[in-house]
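Peer 1: Provide a 3D model corresponding to the input given below.
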Amino acid sequence: MVKSEDTVFIDSNIWCYYFDSRLQEHSQIAGVLRDALTSMNVIVNTVIVMEVAHYLSRNLEPSQAQRVSELFINLENLTILDFDQPMMRSSISYLNRFSKTHGLGGRDSTIITSIMEHKVASVMSHDRSLLRLMDELGIKTIDPMSK
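Peer 2: Below you'll find the model as predicted:
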């Protein structure tokens, strides 16, 4: 599979900033994320979806959290990758390879697996450890908070 230059994997922290307008980060990333949603193929995995839904359920009223979660998973150009057993095995491998050297966590390892196995061109996140490792692995990184 050839890497598609118009694909971006968007990390959960960016989605949380976007969906919660009370956060100071919201205004800084809202335009960048809207641009990505209209010009790129956006990728997430089911782990990211659940992390965002968890954040929403803890920070919004139940009906609002449900509405926003549905809006999220039904975005027109959003591809949600299923986190299956082969992805789990690959993620564990990345976790063991980079946990101590780069501070990689479990969620981060699922992002790396998703990007590498599906030839995603870039990652948008505000997680410095993840972005540093992705840069080392040759993946374009986007941190809207650094602009």
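Peer 1: how far does the worst-scoring helix or strand of the chain on mean pLDDT sit from its chain's centre?
Peer 2: Least confident helix or strand, the chain: strand 4-10 with a mean of 88, by mean pLDDT, DSSP states H and E. Chain-centre distance of strand 4-10: 11 Å, with Cα atoms, centre = their mean, to the nearest Å.
Peer 1: name the next helix or strand downstream of it, please.
Peer 2: For strand 4-10, the succeeding helix or strand toward the C-terminus, using DSSP states H and E, is helix 12-19.
Peer 1: what's that following helix in contact with?
Peer 2: Helix 12-19 is contacted from outside by 23, 25-26, 28-30, 33, 44, 48, 51-52, 55-56, 68, 72, 107, 124-127, 144, using Cβ atoms under 8 Å, 6 or more residues apart in numbering. All C-beta spots, glycine's among them, are computed from the backbone N, C-alpha and C.
Peer 1: what is the helix ranked longest in the chain packed up against?
Peer 2: Ranked by residue count and defined by DSSP state H, the top helix of the chain is helix 85-102. Here helix 85-102 touches helix 106-117, helix 128-136, going by 3 or more Cβ pairs under 8 Å, 6 or more residues apart in numbering; DSSP states H and E.
Peer 1: which parts of it are buried?
Peer 2: For helix 85-102, a neighbour-count test (16 or more other Cβ atoms under 10 Å) marks 87, 90-91, 94-95, 98, 102 as buried.
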